[in-house]
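Enquirer: Provide a 3D model corresponding to the input given below.
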Amino acid sequence: MEYKKVAIIVAGGSGTRMQSAVPKQFLELAGKPVLYHTIAAFAAAYADMEIVLVLPEAHFSFANQLLQGFDPLPAVTIVKGGETRFHSVKNGLQLVDSPSVVFVHDGVRPLVSTTLIRACYEAALSHGTAIPVVDMKDSIREIRAGNNAAVDRDRFKIIQTPQTFLSHLILPAFELPYDPLFTDEATVVERLGHPVHLLPGEESNIKITKPLDLTIAEALLKERH
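Expert: This is a model prediction of the structure:
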C-alpha cells in the first residue's frame with residue numbers, strides 16, 4: 001500500500017508567555033523564524049512530504065513572507081486554525097484525502113530532526129501510531145487534597161511531537177465531538193480504542209514557549225552545525 005506523507009504543523013500560539021508582540025513561531029532563531037526551521041525539517045525528511053500549516057488568519061501574511069525564504073519552496077498549504085488545538089488539527093485533516101501517514105507537529109518545536117521524523121514514519125507504518133516520548137529527569141510530586149506525595153517518575157513520560165498516525169485511525173477519531181480531556185492527538189485516537197505506540201523522542205526536540213527556550217535552541221543549533 002502506498003501512503004502519502006502529510007505533516008500538519010500547528011502554529012496557533014499568540015506569544016503571551018514570550019511577552020513579545022511577535023507570535024513565538026515567528027521569532028527569530030539563528031537568523032530565520034522559528035517556524036521556518038520546523039517546516040525545513042519536514043521538507044528535508046522526505047522529498048514527497050506535503051505540509052499543511054495551520055495558523056490563525058491574522059498570521060497568514062507572516063507565513064507567506066516566511067515561505068519566500070525557501071528555494072525550492074516545499075509543498076505547503078496554509079489553513080485557518082480553530083478555537084482549540086483539536087479544532088485546528090481537525091481543519092488541517094480536511095486536506096488528507098487519500099491513505100496517508102499523518103504527522104501532527106507543534107510549529108514551535110523547530111529542532112525536530114529528520115531522523116526522528118523518519119523513525120515516526122516507520123513506526124506508524126508498523127503500529128498505526130507513533131508518539132515520541134522522553135524520560136522525566138526531575139523528581140515529581142503529586143498534590144492532592146492539601147497533601148503532597150512523591151511519585152515514581154519512571155512511571156511517567158514526557159510527550160513530544162510529531163504524533164504520527166495512519167490516516168484511517170486519525171480521521172475517524174477527529175469526527176468525535178470535542179472533549180476538553182483531549183490534550184493531544186494521541187488522546188483523541190485512544191478514545192476510539194486504539195492503543196498508542198511510544199518511541200524514543202529527542203532531548204533536543206524542545207518546545208519554544210519562553211525566552212529562555214530560544215537561547216537554548218540557539219545553542220543547540222550552533223552545536224548541530
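
Enquirer: Tell me which residue is most central in the protein.
Expert: His105 (1.7 Å; Cα atoms, centre = their mean).

Enquirer: pretty sure that residue is in a strand, no?
Expert: Yes - using DSSP: H, G, I helix; E, B strand; the rest coil, the assignment for His105 is a strand.

Enquirer: count of residues packed around the closest residue in space to it that isn't next to it in sequence?
Expert: Leaving out its chain neighbours, the residue that sits closest to His105 by Cβ to Cβ, 6 or more residues apart in numbering is Pro162, at 4.0 Å. To be clear about C-beta, it is placed using only N, CA and C from the backbone, and glycine gets the same treatment. Using other Cβ atoms under 10 Å, Pro162 has 29 neighbouring residues.

Enquirer: Gln160 is in contact with Glu202, correct?
Expert: Yes - contact criterion Cβ atoms under 8 Å: Glu202 and Gln160 qualify, at 7.4 Å.

Enquirer: would you list every one of the helices in the protein?
Expert: Using DSSP state H, the helices of the chain run over 34-45, 60-67, 85-93, 114-127, 167-173, 185-191, 211-224.

Enquirer: quick one: which of the ones you listed is nearest Ala145?
Expert: helix 185-191 (25.2 Å; Cβ to Cβ).

Enquirer: in that closest one, what's buried?
Expert: Neighbour-count burial for helix 185-191, counted by 16 or more other Cβ atoms under 10 Å, picks out 185-189.

Enquirer: starting at the chain centroid, how far to that helix?
Expert: Centroid separation for helix 185-191 versus its chain: 15 Å, with Cα atoms, centre = their mean, to the nearest Å.

Enquirer: ok, now which ones touch Glu28?
Expert: Glu28 makes contact with Val34 under the criterion Cβ atoms under 8 Å, 6 or more residues apart in numbering.

Enquirer: Give the bridge partners for it, please.
Expert: Glu28 has these beta-bridge partners by DSSP bridges: Pro33.

Enquirer: Give me the pLDDT for it.
Expert: As predicted, Glu28 sits at a pLDDT of 93.

Enquirer: repeat for Met1
Expert: pLDDT, Met1: 82.

Enquirer: so who does the closest residue to it other than its chain neighbours touch?
Expert: Spatial nearest neighbour of Met1, chain neighbours left out: Pro99 (6.3 Å); criterion: Cβ to Cβ, 6+ apart. Pro99 makes contacts with 1-4, 166-168, as judged by Cβ under 8 Å, 6+ apart.
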